[in-house]
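In: Give me the fold of what follows.
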Amino acid sequence: MRGHRWQISHVAFHSGVVPLGYAEIVSTRQLVDGGDTLLELTDQPLRAGQTYDWAVVPSAGAVVMFSGTARDHSEGREGVETLTYEAYDEAVLPALNNVANEIRKKWSAVRRVALIHRVGNVPVGESSVLVVVSAPHRPEAFEAARFGIDALKATAPIWKRETWKGGDDWAKTAQHVTDLSTFVEERATR
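Out: As a prediction, this is how the structure comes out:
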């Protein structure tokens, strides 16, 4: 890993959702790689435009942004009103940093990487996750961003609870958190 790490902010979690009991800090931002990698776990609405602008640098001709938004349905559940994300926050930024390092290993031309996930209540239509990658050319930007969201979803300890007209429960499509090296190996065999 290049550069320095430093914490920019910590905000205590306040929500109507009862946390699992191990996450006390849920808003943390970290810059690594000399400021070219932005990692964040927050309980605030995500700032897609500001994150996109941050990723634009003179040496990058492509910026790809993936925004995962809360939708009004899921498997067997119509009328989803809210998603609630909980995280094992102390393990999230290290997992995101591993994903960013793997992106830079696989696509060395990548300039900036942002991996940001929201926790707490996320109303339908709002973003729950942002992955932004800038690179000199579009192929590596697209490939790196796709890898970034897939690896983040597989390796970051973040869980989703859905509230819909008929009740609330953990998402049916939730997957187990896996090790990044296992994810990379499984992806290579596809």
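
In: the helices in the protein, which residues?
Out: 48-55, 89-106, 138-155, 180-188 (DSSP state H).

In: Mean neighbour count, distance to Leu38 and mean pLDDT for the ones you listed - can I get that in a markdown table?
Out: C-beta: built from backbone N, CA, C; applies to glycine. Formatted as a markdown table, the entries for these read as follows, by neighbours: other C-beta atoms under 10 Å; distance: least, C-beta to C-beta, whole Å; pLDDT from 0 to 100:
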| stretch | mean neighbour count | distance to Leu38 | mean pLDDT |
| --- | --- | --- | --- |
| helix 48-55 | 16 | 7 | 95 |
| helix 89-106 | 20 | 9 | 95 |
| helix 138-155 | 20 | 12 | 97 |
| helix 180-188 | 13 | 19 | 84 |
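
In: So which of these is nearest Gly34?
Out: Proximity to Gly34, assessed across these by C-beta to C-beta, is greatest for helix 89-106 (11.7 Å).

In: Could you count how many residues lie near Leu130?
Out: Neighbour count of Leu130, defined by other C-beta atoms under 10 Å: 24.

In: Might one say that it is in contact with Thr69?
Out: No: under the contact definition of C-beta atoms under 8 Å, Leu130 does not touch Thr69, with a separation of 10.2 Å.

In: gap between Val63 and Trp107?
Out: When C-beta to C-beta, to the nearest Å is applied, the distance between Val63 and Trp107 equals 14 Å.
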